[in-house]
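Chemist: Have a look; sequence and predicted model below, questions after that.
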Amino acid sequence: MGKRAALLCGAAVVLAGSVTAAPAEASAPHSGESAQAAPLTWNKCGTTKYPTLQCASLDVPLDHADPHGRRITLALSRVPHTAKKYQGPLLVNPGGPGGSGLTLAGFVAAALPKQVAAQYDVIGFDPRGVGKSRPALTCDPGYFAPVRPDSVPRTRQIEQANLQRAKAFARACGEKYADLLPYINTISAVRDMDRIRAALGARQINYFGYSYGTYLGTVYAKLFPERVRRAALDSVVDPTGVWYEANLAQDVAFDDRHRAFLAWVAKHDRTYGLGADPSRVEAKWYAMRTALANAPAGGRVGASELEDTFLPGGYFNGYWPYLAEAFAAYANHRDAAPLIEAYERFGASDASDENSYSIYASVQCRDAAWSRDWHRWRADNWAVYAKAPFMTWNNAWYNAPCAFWPTTSLSSPSIANSKVAPVLLFQSTGDAATPYQGAVTVHRQLARSSLVVERGGGNHGITLGGNRCLDRHLAAYLTDGTVPRGTGAVDAVCEARPDPKPLSSKVASTSARGAELHQLIGFRH
């Protein structure tokens, strides 16, 4: 028996929210808010891939402190339960802030074991301001149009160009949405979730969130611990770093993950011809960056766009073969066509991305205090860049509007919780977007939580992506509340799936389900 099997088989298990019939929370609305909520009208909105999807809309207060004031509309989706044993609604969220969750409901219902999914109404939603919710925010269309200034501000001119862009974005948001921005934040989104619960007629919700969706889940559990029946959180946000420090921590983790990609390229030197020494491959990547800064490929891919293109490889190694081919074509032959194609696939922004980014900035800038002193930003980011050059300045400019945001900042809540039912956490050891320590921190702060670790993995969003060991833990939890209980800081360990192989006839050896998942949870979350 291997070490992983010993850990899993030797772990004790406990039950949370076990049921043998329809739970109380699935029954008729109770007195109070749920009884006052108008019933939702569900309409068919199925797709070829998810034919059973249904859609509805829900009006909620813009300001939850003024419940009879202005209303906004949330877009909802549902895959209804089909089993006699009904375990209530399972709300799902892909992260962000700014991610649309409508299609995620279809994905989760299809990816879970059929007998498990059949027991839940899987509920997706577009958070306030996102996607099909109304109003949907887009502050500055074309903000990421190529070619942007080089992200690394080696000259005052480059720094000023990037600063002016960040200031202009913040100003555009304030001018277009001054009446909305004070209410685009995590606490408001969490209160929206409770309005969804009430409209569903449920006393409690089950919840499954990825990335930023884990923070939504922990804040919901803090505000409404008695209303959480089960919660599974995948790729866990560190609540102690919201949000300035969290982004600096990301920079180091993304640099490590980028070097893992370059080492993989070196391992496959016979395919890519970039050298068998990772340091040599790394030097060629930065030489490519320098060349593109001087002469953008096709007038579209400069240094900043190159970073945008390779950033998704830090989220999901299934993209590595495609990125490696583009890298090799340019570095070996100055053939820019594959690189431009990779940019269009992985790095370019469309209208949906512009909406998502507008909400990302609105939520993060409002959620917590950001320094308004650019001297601090400059010093902190140069210090991190010295050891982690890959994404530090790109990430800094992505968040720089917060230094000039037109609203004041809120205080981020403590998520420490001894009242909520057992929560199940999933985390890979090499996750760049939400580094491992965040899951350890949340595990300590949620007194009854369990932590399942994917050892040796570096992907962001790991359940329902092809790792059967992880998926067994998720399925057991959603079936009857079973969670692993270990004797140390980690309750169960699953080994990561192997890295992909180079492309063969344009087909990469990676999980199709994993690729679909990462299209849904996106990047920058």
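Modeler: Structure's in. What do you need?
Chemist: can you give me the helices for the stretch 101-250 of the chain?
Modeler: Assigned by DSSP state H, counting those that start in this stretch, the helices in the stretch 101-250 of the chain fall at 102-111, 114-117, 156-177, 186-199, 212-223, 244-267.
Chemist: Can you add distance to residue 42 and mean pLDDT and give those helices back as a markdown table?
Modeler: In short, each C-beta sits where N, CA and C put it, glycine included. Listed next are the helices of the stretch 101-250 of the chain as a markdown table, based on distance: least, C-beta to C-beta, whole Å; pLDDT from 0 to 100:
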| stretch | distance to residue 42 | mean pLDDT |
| --- | --- | --- |
| helix 102-111 | 12 | 98 |
| helix 114-117 | 17 | 98 |
| helix 156-177 | 30 | 98 |
| helix 186-199 | 11 | 98 |
| helix 212-223 | 23 | 98 |
| helix 244-267 | 37 | 98 |
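Chemist: for those, which one ends up most surrounded?
Modeler: Counting by mean count of other C-beta atoms under 10 Å, helix 212-223 has the highest mean neighbour count of these, with a mean of 27.
Chemist: Mind listing residues that contact that helix?
Modeler: When contacts are defined by C-beta atoms under 8 Å, 6 or more residues apart in numbering, helix 212-223 is touched by residues 92-97, 99, 186-187, 189-191, 193-194, 207, 209, 227-228, 231, 233-237, 239, 242, 413-417, 420, 423, 425, 434, 442, 445-446, 525.
Chemist: Could you rerun that using 7 Å?
Modeler: Taking contacts as C-beta atoms under 7 Å, 6 or more residues apart in numbering, the residues outside helix 212-223 that touch it are 93-97, 186-187, 189-190, 193, 207, 209, 228, 231, 233-237, 239, 413, 415, 417, 420, 423, 442, 525.
Chemist: ok, back up a step: okay, the helices of the stretch 101-250 of the chain in JSON lines with distance to residue 50 next?
Modeler: Output for the helices of the stretch 101-250 of the chain, formatted as JSON lines (distance: least, C-beta to C-beta, whole Å):
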{"stretch": "helix 102-111", "distance to residue 50": "3"}
{"stretch": "helix 114-117", "distance to residue 50": "12"}
{"stretch": "helix 156-177", "distance to residue 50": "32"}
{"stretch": "helix 186-199", "distance to residue 50": "20"}
{"stretch": "helix 212-223", "distance to residue 50": "19"}
{"stretch": "helix 244-267", "distance to residue 50": "31"}
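Chemist: Out of those, flag the one nearest residue 378.
Modeler: helix 156-177 (7.8 Å; C-beta to C-beta).
Chemist: Show me what the closest one is packed against.
Modeler: Contact analysis of helix 156-177 by 3 or more C-beta pairs under 7 Å, 6 or more residues apart in numbering; DSSP states H and E lists helix 351-367 as its packing neighbours.
Chemist: For residue 290, what are phi and psi?
Modeler: phi -60, psi -40 (degrees, to the nearest 10).
Chemist: typo on my end, it should be residue 493
Modeler: Backbone torsions for residue 493, taken as degrees, to the nearest 10, come to phi -130, psi 130.
Chemist: so who does residue 450 touch?
Modeler: Listed by C-beta under 7 Å, 6+ apart, the contact partners of residue 450 are 422, 424-425, 483-485, 491.
Chemist: Next one: residue 515, what pLDDT does it get?
Modeler: Residue 515 is assigned 89 on the pLDDT scale.
Chemist: Measure how buried it is and give me the count.
Modeler: Residues lying near residue 515 (other C-beta atoms under 10 Å) number 15.
Chemist: Which strand or helix spans it?
Modeler: Taking DSSP states H and E as the criterion, residue 515 maps to helix 512-521.
Chemist: do the same with residue 305
Modeler: Assigned by DSSP H and E, residue 305 belongs to helix 303-310.
Chemist: Then residue 453?
Modeler: Element membership of residue 453 [criterion: DSSP H and E] is strand 450-455.
Chemist: Report the mean per-residue pLDDT for that strand.
Modeler: Averaging pLDDT along strand 450-455 yields 98.
Chemist: Check which element follows that strand along the chain.
Modeler: Next in line after strand 450-455, if elements are assigned by DSSP H and E, sits helix 468-480.
Chemist: residues near the nearest residue to residue 82 once chain neighbours are set aside, how many?
Modeler: Nearest non-adjacent residue to residue 82, counting by C-beta to C-beta, 6 or more residues apart in numbering: residue 118, 4.6 Å away. A count of nearby residues for residue 118, using other C-beta under 10 Å, gives 18.
Chemist: just checking, residue 118 touches residue 84?
Modeler: No - using C-beta atoms under 7 Å, residue 118 is not in contact with residue 84; the gap is 9.2 Å.
Chemist: circling back to that earlier point, can you show me the CA trace of the helix holding residue 515 as PDB?
Modeler: Taking C-alpha atoms only, helix 512-521 is exported to PDB below (Å, rounded to 0.1, in the frame of the first residue of the first chain):
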ATOM      1  CA  ALA A 512     -11.000  17.400 -21.600                       C
ATOM      2  CA  ARG A 513     -13.000  17.900 -18.500                       C
ATOM      3  CA  GLY A 514     -10.100  19.800 -16.900                       C
ATOM      4  CA  ALA A 515      -9.900  22.100 -20.000                       C
ATOM      5  CA  GLU A 516     -13.600  22.800 -19.900                       C
ATOM      6  CA  LEU A 517     -13.400  23.600 -16.200                       C
ATOM      7  CA  HIS A 518     -10.600  26.100 -16.600                       C
ATOM      8  CA  GLN A 519     -12.500  27.800 -19.400                       C
ATOM      9  CA  LEU A 520     -15.300  28.300 -16.900                       C
ATOM     10  CA  ILE A 521     -13.300  29.500 -13.900                       C
END
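Chemist: Mind listing residues that contact that helix?
Modeler: Here helix 512-521 makes contact (C-beta under 7 Å, 6+ apart) with 94-95, 99, 103-104, 107, 111, 210-211, 315-316, 318, 461, 464-466.
Chemist: same thing but 6 Å
Modeler: Residues from elsewhere that reach helix 512-521 (C-beta atoms under 6 Å, 6 or more residues apart in numbering): 94-95, 104, 107, 210, 316, 318, 461, 464-466.
Chemist: before we move on, back to that, from the contacts of residue 450, pick the one nearest residue 254.
Modeler: In terms of C-beta to C-beta, no member of the contacts of residue 450 lies closer to residue 254 than residue 425, at 21.5 Å.
Chemist: May I have the beta-bridge partners of that closest one?
Modeler: residue 233, residue 451 (DSSP bridges).
Chemist: tell me, how many neighbours does it end up with?
Modeler: 26.
Chemist: Quick check, it in contact with residue 232.
Modeler: No - if you go by C-beta atoms under 6 Å, residue 425 and residue 232 don't touch, sitting 8.0 Å apart.
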